[in-house]
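# Provide a 3D model corresponding to the input given below.
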Amino acid sequence: MSSPNPVKNKLSIQGLASEQIRSVRVFDLLGNAFQVNVENRESSSLQMNLSQLAMGVYLIQIETDSEIISKKIIKQ
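Now for the predicted structure:
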């Protein structure tokens, strides 16, 4: 679960499996990738600073040892 959505600056994603997070990627709807700062990377949650992104719709892709999770967010 990601909150808040829409997001202004900080996004928290909770409820991840207790597996190793291998990568976190952010894409716009055209497929352009963006580098974001992942500030807190606990075993079941993470926090991201999205303040540098422009307003719009983005996809967040989280890769763990066993799965790839994609979430759509709206940046205000």
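
# only C-alpha atoms for contact and neighbour calcs from this point on.
Fine.

# Was I right to think Lys71 contacts Leu59?
Yes: counting by Cα atoms under 8 Å, Lys71 does reach Leu59; the two are 5.6 Å apart.

# When these two are compared, which one has more neighbours?
Shown here are Lys71 and Leu59; by other Cα atoms under 10 Å, Leu59 has more neighbours (17 against 13).

# dump the residue contacts of the more buried one.
Val26, Phe27, Asp28, Leu29, Ser70, Lys71, Lys72, Ile73 (Cα atoms under 8 Å, 6 or more residues apart in numbering).

# I'd like those residues as CSV, with pLDDT and secondary structure appended.
Output for those, formatted as CSV (pLDDT from 0 to 100; DSSP: H, G, I helix; E, B strand; the rest coil):
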residue, pLDDT, secondary structure
Val26, 95, strand
Phe27, 97, strand
Asp28, 96, strand
Leu29, 95, coil
Ser70, 92, strand
Lys71, 91, strand
Lys72, 94, strand
Ile73, 94, strand
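
# what would these look like in JSON lines with distance to Lys8?
Listed next are these as JSON lines, based on distance: Cα to Cα, whole Å:
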{"residue": "Val26", "distance to Lys8": "15"}
{"residue": "Phe27", "distance to Lys8": "16"}
{"residue": "Asp28", "distance to Lys8": "16"}
{"residue": "Leu29", "distance to Lys8": "18"}
{"residue": "Ser70", "distance to Lys8": "19"}
{"residue": "Lys71", "distance to Lys8": "16"}
{"residue": "Lys72", "distance to Lys8": "14"}
{"residue": "Ile73", "distance to Lys8": "10"}
